[in-house]
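Undergrad: below is the sequence, then the predicted model.
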Amino acid sequence: MYNLLTLYNPRYQSDLIDAHLAMLRQKGKVAFGKVRVKNNDMPHPNKKELEELYASVNEKDFLHLFITDYANLYVAKVEQITHEPCFELAPSYYADKGLDVESWFIITDMRELFRDDFKGVRDYFLASITAPLRDNHTYAVYGNNYVYPLIIEQKEKQNYFEDDALHYKKIYKTQKYFEIKALLENYCLGSDINLLMSDSLDAIISAQIEFDDNKDNPLNDFSSVIMKYSKTAERELYAFFKALFAYLCYNNPGLKEDIRYEVQGLKYRFIDIFTHKPNLGTYAYLMKKDELKATFERIVPTDMQARINNDIMGFMEKLKDIRNENMHGKSATFEEASELRNNMLGIGKTGFLSTCLELKFELIAMYKESC
């Protein structure tokens, strides 16, 4: 997955993002122009690497273009990059103001990640990316001399456009969305809420809104609420187990090839789990394998082992029971949705999401210390 970061300047157009969204909604694609800075003839220091990256981008191998003014942050799905004029696909202000565009990014989808939140952009996005052509250093907000677009890598990789949904159709979150996010942050998850995968965050907020809207209707089917929490749990569990298995493989490289497993008739090596998301049952199966279990018990601290076995594996069993009933046509009740919600968010008990995130980042730190 390719990733670029660029800055946008509202001085060019006060409704710059809105203007691009309008064109995207009208034509299904929009050209975002990288404007050449006036009185600056200096070539980009990584021009060769950028041009190679540009040439490799296509509909299948698309690029994440993160666009920010430091207070707001968007991520765009880019399927083509060209130096040829694209004014017919771009908002009119490019031509009206005679802007000198050096590159055009052809965008087919876009998501809003932060709105009017400099602290969030700084602490939860910029702190989570590195500049591979700058000795892989974490992005420096202050005192940097970056030239944009900047090639970046995500410390925790995620694909913001992995499904077929068109996110730009609902890009601006409602006031209700931000109210629910604030409530969950203040009373359940704390700052951990900003460490969730972007899709996970959207799903739990959407689930909470639906739960609130229907909690007084005893006949309502809460199946979609349960499915949103289930998908969130599966996504965060996958990130957790990749961190755990990376740490185990570093300490016992033989695990990568020695352990085999099967999902829906397809055979895999253990190393494949880092690129192919398995089902929930696969994690439990792998954790029981003698070679893996022995490494786990040898190198993972005893207290962490207990938390993984009790809090992570135990939650997975509860999740499978609730989800499986729902998937086989049974309507979900308010009580079932409440139980899963309470377990996920930590209402009246320790929450799965916070525990999962805490353990994941402990494992990542242990892995880094080992390297």
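TA: Okay, I see it.
Undergrad: what sits against the closest residue to Val101 other than its chain neighbours?
TA: Of all residues not flanking Val101 in the chain, Gly33 sits nearest, at 3.7 Å (C-beta to C-beta, 6 or more residues apart in numbering). From N, CA and C alone the C-beta is placed, and that goes for glycine too. For Gly33, the contacting residues are Cys86, Ala90, Tyr94, Leu99, Val101, Ser103, Trp104, Phe105, by C-beta atoms under 8 Å, 6 or more residues apart in numbering.
Undergrad: rerun that using 7 Å as the cut-off
TA: Ala90, Tyr94, Leu99, Val101, Trp104 (C-beta atoms under 7 Å, 6 or more residues apart in numbering).
Undergrad: can you pull out the helices in the chain?
TA: With DSSP state H as the criterion, the chain has helices at 16-27, 47-56, 93-96, 118-120, 175-184, 198-214, 223-251, 255-258, 280-287, 290-299, 302-307, 314-327, 334-345, 352-370.
Undergrad: tell me which of those sits nearest to Val75.
TA: Using C-beta to C-beta as the criterion, the shortest distance between Val75 and the helices of the chain is 8.1 Å, found for helix 198-214.
Undergrad: roughly how far out does the closest one sit from the chain middle?
TA: Relative to its chain's centre, helix 198-214 lies at 16 Å (C-alpha atoms, centre = their mean, to the nearest Å).
Undergrad: still on that earlier bit, would you list the helices of the chain in a markdown table and tack on distance to Ala127?
TA: Listed next are the helices of the chain as a markdown table, based on distance: least, C-beta to C-beta, whole Å:
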| stretch | distance to Ala127 |
| --- | --- |
| helix 16-27 | 23 |
| helix 47-56 | 24 |
| helix 93-96 | 32 |
| helix 118-120 | 10 |
| helix 175-184 | 19 |
| helix 198-214 | 16 |
| helix 223-251 | 17 |
| helix 255-258 | 30 |
| helix 280-287 | 29 |
| helix 290-299 | 28 |
| helix 302-307 | 24 |
| helix 314-327 | 28 |
| helix 334-345 | 24 |
| helix 352-370 | 13 |
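Undergrad: please tabulate the ones you listed in JSON lines, including the columns mean pLDDT and distance to Glu156.
TA: Formatted as JSON lines, those follow (pLDDT from 0 to 100; distance: least, C-beta to C-beta, whole Å):
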{"stretch": "helix 16-27", "mean pLDDT": "94", "distance to Glu156": "25"}
{"stretch": "helix 47-56", "mean pLDDT": "95", "distance to Glu156": "21"}
{"stretch": "helix 93-96", "mean pLDDT": "94", "distance to Glu156": "35"}
{"stretch": "helix 118-120", "mean pLDDT": "94", "distance to Glu156": "16"}
{"stretch": "helix 175-184", "mean pLDDT": "90", "distance to Glu156": "20"}
{"stretch": "helix 198-214", "mean pLDDT": "94", "distance to Glu156": "11"}
{"stretch": "helix 223-251", "mean pLDDT": "96", "distance to Glu156": "7"}
{"stretch": "helix 255-258", "mean pLDDT": "94", "distance to Glu156": "21"}
{"stretch": "helix 280-287", "mean pLDDT": "95", "distance to Glu156": "19"}
{"stretch": "helix 290-299", "mean pLDDT": "97", "distance to Glu156": "22"}
{"stretch": "helix 302-307", "mean pLDDT": "97", "distance to Glu156": "19"}
{"stretch": "helix 314-327", "mean pLDDT": "83", "distance to Glu156": "21"}
{"stretch": "helix 334-345", "mean pLDDT": "93", "distance to Glu156": "20"}
{"stretch": "helix 352-370", "mean pLDDT": "94", "distance to Glu156": "8"}
